[in-house]
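>>> Sequence and computational prediction follow.
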Amino acid sequence: MSASLLRRGLELLEPPGRAKAPPGIQRDRAGPRAAGAARRRKRASEPGRSKATVKGRVVKSAIEEYHKKKPVNHLRENLQYMLKGQFVADKAVAEQVLAQNRGRKSKDQPPEKTEKKKPESTVFTEEDFRKFEREYFGVP
């Protein structure tokens, strides 16, 4: 049997003329549980501890919150910043930077530029060939 059941049984068996002791005079509760309960009661009675109250809470406007979180377009500012600087890097420096950022694999390398071959042309004209024929072969 538990202690609480024993106490209840004894209360039932008490003579009717005998009253219960007032709550302040009851025996002290000893032990860690009693101390924890007292701390909880004390903490709850402090003002400003209850989070369930609405008092003192500022109501936020949904429209203001929307405007705060609304994305801002920075395109115009960025364009002005980009157009403001007129410094152009040297082509050799730009090529060097691009080469450093490129990977080592052959697929990352740009295709090598091949020089276009010009169609072979002769320095001799048709007249020069006819003249050569007449002199060499003796054809009129």
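That came in fine, so what should we check first?

>>> for residue 102, what are its contacts?
The contact partners of residue 102, by CB atoms under 8 Å, 6 or more residues apart in numbering, come to 108-110. All C-beta spots, glycine's among them, are computed from the backbone N, C-alpha and C.

>>> Could you tell me the per-residue confidence at residue 38?
Residue 38 is assigned a pLDDT of 71 by the prediction.

>>> does it sit in a helix, a strand or a coil?
Following DSSP: H, G, I helix; E, B strand; the rest coil, the label given to residue 38 is helix.

>>> for this structure, what spans make up the helices?
Taking DSSP state H as the criterion, the chain carries its helices at 3-13, 32-45, 62-69, 75-84, 91-101, 126-137.

>>> about what we covered before: in TSV, list the contacts of residue 102 along with distance to residue 138 and neighbour count.
Formatted as TSV, these follow (distance: CB to CB, whole Å; neighbours: other CB atoms under 10 Å):
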residue	distance to residue 138	neighbour count
108	65	9
109	60	11
110	58	8
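
>>> Between those residues, which sits nearest residue 66?
Relative to residue 66, the closest of the contacts of residue 102 is residue 108; by CB to CB it sits at 46.0 Å.

>>> Ranking helices and strands of the protein by mean pLDDT, which lands last?
helix 32-45 (a mean of 68; mean pLDDT, DSSP states H and E).

>>> on that earlier part again, how about the helices of the chain in JSON lines, adding mean neighbour count?
Below are those laid out as JSON lines (neighbours: other CB atoms under 10 Å):
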{"stretch": "helix 3-13", "mean neighbour count": "9"}
{"stretch": "helix 32-45", "mean neighbour count": "10"}
{"stretch": "helix 62-69", "mean neighbour count": "8"}
{"stretch": "helix 75-84", "mean neighbour count": "9"}
{"stretch": "helix 91-101", "mean neighbour count": "10"}
{"stretch": "helix 126-137", "mean neighbour count": "10"}
